[in-house]
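Colleague: Here is a sequence together with a model predicted from it:
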Amino acid sequence: MKNKNTVLILGITSIIILISVQVFIVMGVWKQKNELFAIRYTIRSQEALYNIWKDMSTDGFDTVRILLDQKSGEYIKELATLKDEKELENLKQEILSYFTKVVNQEQDLSGLLSSYFESRGLDKNFKYKIVINNVELIAADTLIVYQRKGFTNNRSLDRSTREAPKEVSSSSILVRPGTHLEGNNYRLNFDYYIDFSDKKKLVLKETSASLGMSSMSILLVGIMFMITYRNLREERRLSNLKTDFINNMTHELKTPLSTITVAGKTLEMPQIRSDDVKILETAKLIGKQSVHLNQLINMILEISMWERTQFQLDKKTVKIEEIMNDVVDSFRSGGGNHATISQKYDFKVAEIDLDIVYFTTLVNNLLSNAVKYSDKDPVIDIEGFSIEDNVCIRFADNGIGINKTDQKHIFDKFYRASTGNIHKFKGLGLGLYYVKKIVEAHGGNVTVSSKTGKGSTFTVILPYHS
Ligand code: ADP
C-alpha cells in the first residue's frame with residue numbers, strides 16, 4: 001500500500017513538474033514570437049514608409065499640414081485679443097483638440113501603410129494611435145500650447161529607449177517616432193503607433209506547433225503514468241489474491257490432514273483396536289479425508305496445467321436433459337442432499353456436443369456454491385431452454401447473494417468475495433474460474449445477476465454444436 005502511494009505521489013509530482021516546465025517553455029516561445037512579430041512589423045513599417053515616400057513623395061500628412069497652417073493663423077489672431085489667463089487656457093485646450101482631431105482624421109499614412117502591407121501579403125488589420133508630444137504656435141513669441149510630460153525637442157528618436165505612453169497598449173509598434181510637422185504658424189510633434197488587432201491570433205498560430213507538442217507530451221506522459229499505475233494496482237491485487245489463496249489453501253489442506261492425524265492416533269489406542277466397528281469407522285474417515293485431500297491437490301495441479309496448455313476437450317454428442325438430470329441426481333446424493341433442487345427444461349434441440357467430465361465439474365461447482373453460500377435451507381431452481389443455436393441454463397439460488405463490486409471479479413482466478421475470505425465459507429476462489437474456463441472452452445459464456453441477501457442467478461450459455 002505504501003509502495004503504491006509513493007508511486008502515485010511521485011507520478012503526480014513528476015507530471016506537475018513536467019507541466020510547469022512545458023508552461024515555462026511555451027511562455028518563453030510565446031514571448032519570443034511576440035517580440036519577433038513586433039520586430040518584423042517594425043522593419044516592414046520602415047520599409048513601407050521609405051517606399052511610400054520614394055514612390056509617392058508623401059509622408060501621408062500633406063492635408064494635415066495645410067489645414068493646420070490655415071487654422072493656426074486664425075488662432076494666432078484670436079490669441080492677440082485675449083487678456084484673461086483663463087480664456088487663454090481655454091483656447092489652448094481648443095487648439096490642442098483641433099490639432100488632435102485633424103492629425104487623426106486627415107492623415108493618409110494609415111491607408112497607405114495598410115495597402116502596402118496588403119500588397120506584401122502581410123496583415124493589414126491594424127489600429128493606429130497618434131500621441132501628441134508638442135504643439136506650438138509661432139507668433140511674435142512662440143506660444144507652447146501643449147507639451148507632453150518629459151518631452152524634449154532634442155530627445156533621441158531611438159525607438160528602443162522610447163517607452164510606450166499609457167494611452168497606447170503594450171502590444172503597439174512605434175512606426176514614426178517624433179514626427180515633426182512645421183508650417184508658417186505652428187510646430188507639431190507626435191508619435192505614430194500601430195497595433196494589430198489580431199496579433200494574438202497570429203502569434204498563437206505561430207506558437208501552436210510548440211503548444212501542440214507540449215500538450216501531446218503531457219498527454220502521453222499522463223497516459224503512460226495511468227497505464228503503469230493501473231498495472232501496478234493490478235499486480236498488487238493479484239499478489240494479494242495469491243496470498244489469500246495460499247492462506248485458504250493451507251487452511252483447506254490442514255483440515256483433512258489434522259483429521260487423518262487424529263484418526264491415526266485413535267487407531268493406536270488399545271481400546272479402539274479391539275473394536276472392529278470403530279476401526280472400520282476410523283478407516284473410512286481416513287479414506288474419505290484422503291480422497292478430499294487428493295481432490296484438493298488435483299485441483300491445484302490442474303490449474304497450473306490449465307494455465308500452461310489449452311483445454312483438451314473430449315466432446316461427445318449427448319442428450320442435454322439426460323445429462324443434466326444425471327449430474328443433479330448425483331449432486332443430490334452427494335454434498336447437496338439437504339438442498340431443494342427443482343428442474344424445468346424446455347430444450348428445442350435434444351442433443352449437444354459436450355465434454356461430459358468438464359460439464360459435470362461446471363454444474364457441480366455452481367450447485368455446490370449455491371449450497372455453500374446459503375444462510376438458510378438452500379433452494380435451487382434450474383431452468384433450461386434454447387435461444388437460437390444455444391442452450392441456456394439458469395441456476396437460481398436463495399443464498400447470501402453477491403454485491404455489485406464482487407460480481408465483477410468472482411470469475412477471476414483466486415478471487416473470493418470479502419465475506420468468502422473469512423473461513424465461515426471454505427474455498428480457494430477457483431470454482432467459478434473453472435466454470436468460466438470450461439464454458440469458454442465450449443464456445444459459450446457465463447454471467448451472474450445477484451442481489452445481496454436475495455440470492456444469485458448464474459446463466460450459462462453453450463452452443464449446441466461447436
Ligand atoms: P470459492 O467458493 O472457493 O470461494 P468460487 O470461485 O467458487 O470460489 O467463488 C468465488 C466467490 O464468489 C466466492 O468466494 C463467493 O463469495 C462468491 N459466490 C460464488 N457463488 C456464489 C453463490 N451462489 N452465492 C453467493 N456467492 C457466491
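Modeller: In hand now; what should we look at? The structure presented is a predicted model; accordingly, all values stated were derived computationally and were not measured.
Colleague: only C-alpha atoms for contact and neighbour calcs from this point on.
Modeller: OK.
Colleague: Go ahead and measure how far stretch 43-50 is from the middle of the chain.
Modeller: Relative to its parent chain, stretch 43-50 has a centroid offset of 49 Å by CA atoms, centre = their mean, to the nearest Å.
Colleague: what packs against the lengthiest strand in the chain?
Modeller: Counting by DSSP state E, the longest strand found in the chain is strand 126-138. On a contact count with 3 or more CA pairs under 8 Å, 6 or more residues apart in numbering; DSSP states H and E, strand 126-138 meets helix 62-81, helix 85-105, strand 142-147, strand 186-196.
Colleague: what's in contact with that strand?
Modeller: 72, 76, 96, 100, 103-104, 110, 114, 142-148, 151, 168, 178, 184-198 (CA atoms under 8 Å, 6 or more residues apart in numbering).
Colleague: likewise stretch 297-313?
Modeller: Residues contacting stretch 297-313 (CA under 8 Å, 6+ apart): Asp355, Ala441.
Colleague: again, only this time at 6 Å
Modeller: Outside of stretch 297-313, the residues within contact range by CA atoms under 6 Å, 6 or more residues apart in numbering are Asp355.
Colleague: Please point out which parts of it sit buried.
Modeller: When burial is assessed from 16 or more other CA atoms under 10 Å, stretch 297-313 yields the following buried residues: Met299.
Colleague: Pick out the residue of the stretch 151-300 of the chain closest to the ligand.
Modeller: Asn248 (8.8 Å; CA to the nearest ligand atom).
Colleague: which secondary structure element contains that residue?
Modeller: If you go by DSSP states H and E, Asn248 is part of helix 199-268.
Colleague: Could you check the angle that helix makes with strand 126-138?
Modeller: Interaxial angle, helix 199-268 versus strand 126-138 (axes from the mean of the first three to the mean of the last three CA atoms, to 10 degrees): 140 degrees.
Colleague: thinking again about what came up before, excluding sequence neighbours, find me the nearest residue to the residue of the stretch 151-300 of the chain closest to the ligand.
Modeller: For Asn248, ignoring the flanking residues on the chain, the nearest one in space by CA to CA, 6 or more residues apart in numbering is Leu428 at 5.9 Å.
Colleague: What is the three-state secondary structure of the one you found?
Modeller: Classification of Leu428 by DSSP: H, G, I helix; E, B strand; the rest coil places it in coil.
Colleague: Phe385 too?
Modeller: Per three-state DSSP, Phe385 ends up strand.
Colleague: For the longest strand of the chain, which residues meet the burial criterion?
Modeller: Judged by neighbour count using 16+ other CA under 10 Å, the buried positions of strand 126-138 are Phe126, Tyr128, Lys129, Ile130, Val131, Ile132, Asn133, Asn134, Val135, Glu136, Leu137, Ile138.
Colleague: Which of the residues you listed lies at the shortest distance from the ligand?
Modeller: The closest of the buried residues of strand 126-138 to the ligand turns out to be Phe126 (CA to the nearest ligand atom; 72.2 Å).
Colleague: Okay, and the beta partners of the closest one?
Modeller: Per DSSP bridges, the residues bridged to Phe126 are Phe196.
Colleague: Also Phe385?
Modeller: For Phe385, the beta-bridge partners are Asp346, Cys392 (DSSP bridges).
Colleague: OK, contacts around it?
Modeller: Neighbouring residues of Phe385 by CA under 6 Å, 6+ apart: Tyr345, Asp346, Phe347, Val391, Cys392.
Colleague: What about the closest residue to Leu137 other than its chain neighbours, how many residues nearby?
Modeller: Leaving out its chain neighbours, the residue that sits closest to Leu137 by CA to CA, 6+ apart is Tyr186, at 4.3 Å. For Tyr186, the neighbour count with other CA atoms under 10 Å is 24.
Colleague: Next: Ser197.
Modeller: The number of residues packed near Ser197 is 15, by other CA under 10 Å.
Colleague: low-scoring stretches of this protein, by residue?
Modeller: Scanning the chain for pLDDT under 70 picks out 1-4, 153-164, 310, 335, 419-424.
Colleague: interface residues of it facing the ligand?
Modeller: Contact residues, the chain versus the ligand (CA under 6 Å from any ligand atom): 369-370, 373, 399-402, 410, 415-417, 420, 427-433, 456.
Colleague: Could you chop this protein up by domain?
Modeller: 2-205, 316-463 (automatic domain parsing).
Colleague: out of those domains, which comes closest to Met213?
Modeller: Met213 sits nearest to domain 2-205 of all those, at 9.5 Å, using CA to CA.
Colleague: where's that closest one relative to the chain centroid, distance-wise?
Modeller: 46 Å.
Colleague: and what of stretch 382-396?
Modeller: Here stretch 382-396 shows a centroid-to-chain-centroid distance of 41 Å under the convention CA atoms, centre = their mean.
Colleague: Same check on stretch 238-251?
Modeller: Using CA atoms, centre = their mean, the offset of stretch 238-251 from its chain centre is 34 Å.
Colleague: tally of neighbours for Ile438?
Modeller: 21.
Colleague: Which strand or helix spans it?
Modeller: Per DSSP H and E: helix 431-441 holds Ile438.
Colleague: Okay, the residue of the chain most remote from its centre and Ile16: tell me how far apart.
Modeller: For the chain, the largest distance from the centre (CA atoms, centre = their mean) belongs to Thr81, which lies 78.7 Å off. Distance from Thr81 to Ile16, counting by CA to CA, to the nearest Å: 74 Å.
Colleague: Check Gln70 too.
Modeller: 67 Å.
Colleague: With Ile144 instead?
Modeller: Distance, Ile144 to Ile16, by CA to CA: 60 Å.
Colleague: what sits against Glu383?
Modeller: Glu383 sits next to Gln343, Lys344, Tyr345, Ile393, Arg394 when contact means CA under 6 Å, 6+ apart.
Colleague: The second one: what's it in contact with?
Modeller: By CA under 6 Å, 6+ apart, the contact set of Lys344 is Glu383.
Colleague: name the element it belongs to?
Modeller: Going by DSSP H and E, Lys344 is part of strand 340-346.
Colleague: Could I have the CA atoms of that strand written out in CSV?
Modeller: This file holds the C-alpha atoms of strand 340-346, laid out as CSV (Å, rounded to 0.1, in the frame of the first residue of the first chain):
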residue,chain,number,x,y,z
THR,A,340,-34.2,-28.5,-2.5
ILE,A,341,-33.5,-28.6,-6.2
SER,A,342,-36.1,-28.1,-8.9
GLN,A,343,-35.6,-28.6,-12.6
LYS,A,344,-37.5,-27.3,-15.6
TYR,A,345,-36.3,-27.9,-19.1
ASP,A,346,-37.7,-26.9,-22.4
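Colleague: Could you identify the helix or strand that succeeds it?
Modeller: Following strand 340-346 in sequence order, the next helix or strand is strand 351-354 (DSSP H and E).
Colleague: re earlier: now, of the contacts of Glu383, which are buried?
Modeller: Here, 16+ other CA under 10 Å leaves Ile393, Arg394 buried among those.
Colleague: Specify which member of the contacts of Glu383 is nearest to the ligand.
Modeller: The closest of the contacts of Glu383 to the ligand turns out to be Arg394 (CA to the nearest ligand atom; 11.7 Å).
Colleague: Could you report the distance from that closest one to Met299?
Modeller: Using CA to CA, Arg394 is found at 25 Å from Met299.
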